[in-house]
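J.: coords please:
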Amino acid sequence: MSQPVLIPAALHQHRQQAAEASAGISSGAIYTCFERELLHRSANGSVLDWGSGQGLLTQRLMNLKQFQSITAADIQPRPETIDAAIQWSQADLNNPLNLEAEIFDVIVSAEVIEHLENPRAVAREWSRLLKPGGLLIFSTPNNESWRAILALILQGHFVDFGDSSYPAHITALVRKDITHILNEAGFCSPEFAFTNVGKIPKLPRYQWQSLSLGFLRGLRFSDNILAITHKSQ
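T.: Coordinates of the predicted model:
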């Protein structure tokens, strides 16, 4: 049986509920990776936290003290705890933001693209908002880890895209998808970084790193992946 077509009001409510299901929080390991990449590249100027959820990464951007302005965007309302100096744009990120083009030097997006319906439209919006040469860093579940691959073989879906993750997680991507999507939107081919934190299949309380004294790292042993790229000049 086909699914009913949602009218705009119901569609917005559905997306709102999906956003609430994600809780708007990522892990500290993911945020630390963002900080490391931003510091390594001496990122500065104006930054947009695209899909900021409860604003935890946004606040950490402010704590870095290297950005002249910080803007956050999310379908959820502005958290009461967020710093008053941070600008907040409440919007459905499946649609373009009501912001001028080419106004940001940096865009960060932690664990958001997998929640949205059209990753190519997302990349085009990032390209629209970034200045030429601007820096983009985003993260998503790593569907090329051993844990994700094993789930695909045994259960028919990546580990973070089963029924328990729906409708929060709806778009699964691998590195090849990410590269194509970014290139099509006018970005350079991305570099990839990994959290080096990964759960062991069927034993989610345990991590590869703790059992290997940190030697098992990278693509196959990380639950999350970061893509780092620049908008073409």
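J.: ok, which stretches of this structure are strands?
T.: 45-50, 67-74, 87-90, 104-110, 130-141, 191-194, 199-200, 203-207, 224-230 (DSSP state E).
J.: which one of those lies closest to residue 36?
T.: For the strands of the chain, the distance to residue 36 is smallest for strand 191-194, at 8.1 Å, taking Cβ to Cβ. Every C-beta, even on glycine, is put in place using the N, C-alpha and C of the backbone.
J.: and that closest one, which residues are buried?
T.: Of all the residues in strand 191-194, those buried under the rule 16 or more other Cβ atoms under 10 Å are 192-194.
J.: stretch 189-204: end-to-end distance?
T.: From its first residue to its last, stretch 189-204 covers 33 Å (Cα to Cα, to the nearest Å).
J.: state the distance from residue 98 to residue 194.
T.: Per Cβ to Cβ, to the nearest Å, residue 98 is found 35 Å from residue 194.
J.: quick check: which ranges of the chain have low pLDDT?
T.: Applying pLDDT under 70 to the chain flags residues 1-7, 10-23.
J.: sketch out the helices for it, chain order is fine.
T.: 8-22, 28-40, 56-64, 119-129, 146-155, 175-184, 208-211 (DSSP state H).
J.: can you list the ones you listed in TSV and add distance to residue 77?
T.: Converted to TSV, the helices of the chain look like this (distance: least, Cβ to Cβ, whole Å):
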stretch	distance to residue 77
helix 8-22	10
helix 28-40	21
helix 56-64	14
helix 119-129	21
helix 146-155	33
helix 175-184	29
helix 208-211	37
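J.: export these to CSV and tack on distance to residue 89 and mean neighbour count?
T.: Formatted as CSV, those follow (distance: least, Cβ to Cβ, whole Å; neighbours: other Cβ atoms under 10 Å):
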stretch, distance to residue 89, mean neighbour count
helix 8-22, 14, 14
helix 28-40, 19, 17
helix 56-64, 12, 19
helix 119-129, 11, 20
helix 146-155, 32, 16
helix 175-184, 23, 17
helix 208-211, 37, 16
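J.: on that earlier part again, tell me the one among the buried residues of strand 191-194 nearest to residue 8.
T.: Closest to residue 8 out of those is residue 192 (36.6 Å), distances taken as Cβ to Cβ.
J.: wait, which of the strands of the chain is closest to residue 179?
T.: Closest among the strands of the chain, once you apply Cβ to Cβ, is strand 224-230, at 8.3 Å.
J.: can you list the strands that the closest one pairs with?
T.: When sheet partners are counted by DSSP bridges, strand 224-230 sits next to strand 130-141 (antiparallel), strand 191-194 (antiparallel).
J.: winner for burial among the ones you listed?
T.: Highest mean neighbour count among the strands paired with strand 224-230 (mean count of other Cβ atoms under 10 Å): strand 130-141, with a mean of 22.
J.: still on that earlier bit, now render the strands of the chain as a markdown table, adding distance to residue 169.
T.: Converted to a markdown table, the strands of the chain look like this (distance: least, Cβ to Cβ, whole Å):
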| stretch | distance to residue 169 |
| --- | --- |
| strand 45-50 | 17 |
| strand 67-74 | 17 |
| strand 87-90 | 22 |
| strand 104-110 | 14 |
| strand 130-141 | 7 |
| strand 191-194 | 19 |
| strand 199-200 | 16 |
| strand 203-207 | 16 |
| strand 224-230 | 12 |
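J.: what's the closest of these to residue 217?
T.: Closest among the strands of the chain, once you apply Cβ to Cβ, is strand 191-194, at 7.0 Å.
J.: so what touches the closest one?
T.: By Cβ atoms under 8 Å, 6 or more residues apart in numbering, the residues outside strand 191-194 that reach it are 33, 37, 142, 175, 217-219, 221-222, 224-229.
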